[in-house]
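Peer 1: Let me see the structure of the following:
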Amino acid sequence: MSTADQDQGAFRSIVDAWFFALEEDLLQANNGEQLSETDLLERTNDLMEKRLVSITKMAPTFAATLRAYRSAIAEGNLQEAEALLAWVAGQPNVSAAAKRRAGIKGDVDHFAALSFLQGLLVMLRDAGYAGLIVVLDEVETLQRVRGDIREKSLNALRQLIDEVYGGRFQGLYLLVTGTPPFFDGPQGIQRLPPLAQRLHVEFGPGDRFDNPRAVQIRLRNFDIQGLVEVGRKVRDLVAEGISNRRSHPSTCG
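Peer 2: Numbers count the residues shown, from 1 in each chain. Now for the predicted structure:
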């Protein structure tokens with residue numbers, strides 16, 4: 001996950017920014033009156049529960065894990081705190097000690113993951129972010145997996161699209177990229193007619209009048225002019241990087 005300020009691994013900074021925003025809301029509600037560390041922790045947890053009440057009904061482990069994360073941070077137990085965030089992010093092999101702190105078991109399944117995504121959007125909104133872009137890249141690789149896994153994946157994609165259109169994920173922009181065979185061939189979305197119907201667009205022979213707001217858009221092939229433009233941009237980026245390194249030399253020992 002990345003933000004404008006952080007190229008990768010931005011999840012923890014988002015979570016911390018959200019808790020900071022909750023604390024600010026509490027202080028404003030108390031007219032700026034300072035609270036003890038214990039009182040602030042308890043009240044922030046209460047406010048967190050209120051903000052996530054709709055998500056907690058579907059996935060109570062989301063708020064429970066975040067509460068345990070903040071408790072671990074307050075105790076200075078950074079290792080368990082990092083492990084708890086890793087579990088929320090869907091990482092496997094999280095330590096049993098960290099899971100016991102939050103009262104959780106197993107890994108995040110498909111249904112919990114969607115609720116966690118909904119919770120993440122709430123956090124982003126409260127922390128001042130405009131929204132979230134999720135990119136599912138190279139989905140054509142589903143054509144080469146085992147049949148039952150492919151069918152399950154296509155149905156999961158259909159469910160996700162329906163949830164987006166249903167308004168469950170406010171602030172989410174979903175981008176799915178794939179080659180033409182995935183959209184038009186027999187081993188792609190055509191294997192699941194409901195998904196094919198949702199993504200169907202009637203393209204004309206040329207792309208001049210394609211609707212950029214359609215549910216599916218096609219990318220133009222590179223021509224000489226496009227290749228030259230890309231080459232110039234890459235050249236400028238490389239030159240900018242070299243200039244920055246000269247202006248700010250490293251001091252590695």
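Peer 1: give the contact list for the residue lying closest to Val139 once chain neighbours are set aside.
Peer 2: In this structure, Val139 finds its nearest non-sequential neighbour in Gly178, 4.3 Å apart by CB to CB, 6 or more residues apart in numbering. Heads up, the C-betas are built off the backbone N, CA and C, glycines and all. Neighbouring residues of Gly178 by CB atoms under 8 Å, 6 or more residues apart in numbering: Glu138, Val139, Glu140, Gly188.
Peer 1: What's the separation between the third one and Pro181?
Peer 2: Yep, that's Glu140 we're talking about. Distance of Glu140 to Pro181, given as CB to CB, to the nearest Å: 6 Å.
Peer 1: tell me, what's touching these two both at once?
Peer 2: Gly188.
Peer 1: so where's this structure uncertain?
Peer 2: Along the chain, the model assigns pLDDT under 70 to residues 32-33, 35, 244-253.
Peer 1: Any idea which residue is closest to the centre of it?
Peer 2: For the chain, the residue nearest the mean C-alpha position is Val134 (5.5 Å; CA atoms, centre = their mean).
Peer 1: That residue and Tyr173 touch, don't they?
Peer 2: Yes: counting by CB atoms under 8 Å, Val134 does reach Tyr173; the two are 7.3 Å apart.
Peer 1: The residue nearest to Val139: helix or strand, and which one exactly?
Peer 2: Following DSSP states H and E, one finds Gly178 outside all helices and strands.
Peer 1: backbone phi and psi for it, please?
Peer 2: phi -170, psi 170 (degrees, to the nearest 10).
Peer 1: can you list the residues that contact the longest helix anywhere in the chain?
Peer 2: Using DSSP state H, we find that the single longest helix of the chain is helix 224-247. Helix 224-247 has contacts (CB under 8 Å, 6+ apart) with Arg220, Phe222.
Peer 1: Determine how far it lies from the middle of the whole chain.
Peer 2: 29 Å (CA atoms, centre = their mean, to the nearest Å).
Peer 1: circling back: now the residue nearest to Val139: how far from Ile104?
Peer 2: From Gly178 to Ile104 the distance is 34 Å (CB to CB).
Peer 1: With Arg125 instead?
Peer 2: Distance from Arg125 to Ile104, counting by CB to CB: 25 Å.
Peer 1: Tell me which of the two has more neighbours.
Peer 2: Remark: of Arg125 and Ile104, Ile104 carries more neighbours, 20 against 17, as counted by other CB atoms under 10 Å.
Peer 1: about what we covered before: where does the residue nearest to the centre of the chain fall, secondary structure wise?
Peer 2: Per DSSP H and E: strand 132-136 holds Val134.
Peer 1: which helices and strands sit right next to whatever helix or strand comes next after that strand?
Peer 2: Following strand 132-136 in sequence order, the next helix or strand is helix 147-165 (DSSP H and E). Helix 147-165 is packed against helix 110-126, strand 172-176, helix 193-199, with contacts defined by 3 or more CB pairs under 8 Å, 6 or more residues apart in numbering; DSSP states H and E.
Peer 1: One more pass at 7 Å, please.
Peer 2: Here helix 147-165 touches strand 172-176, helix 193-199, going by 3 or more CB pairs under 7 Å, 6 or more residues apart in numbering; DSSP states H and E.
Peer 1: ok and it relative to strand 132-136, angle-wise?
Peer 2: Going by axes from the mean of the first three to the mean of the last three CA atoms, to 10 degrees, helix 147-165 is angled at 160 degrees with respect to strand 132-136.
Peer 1: Enumerate the positions of helix 147-165 that are buried.
Peer 2: For helix 147-165, a neighbour-count test (16 or more other CB atoms under 10 Å) marks Arg150, Leu154, Leu157, Arg158, Leu160, Ile161, Glu163 as buried.
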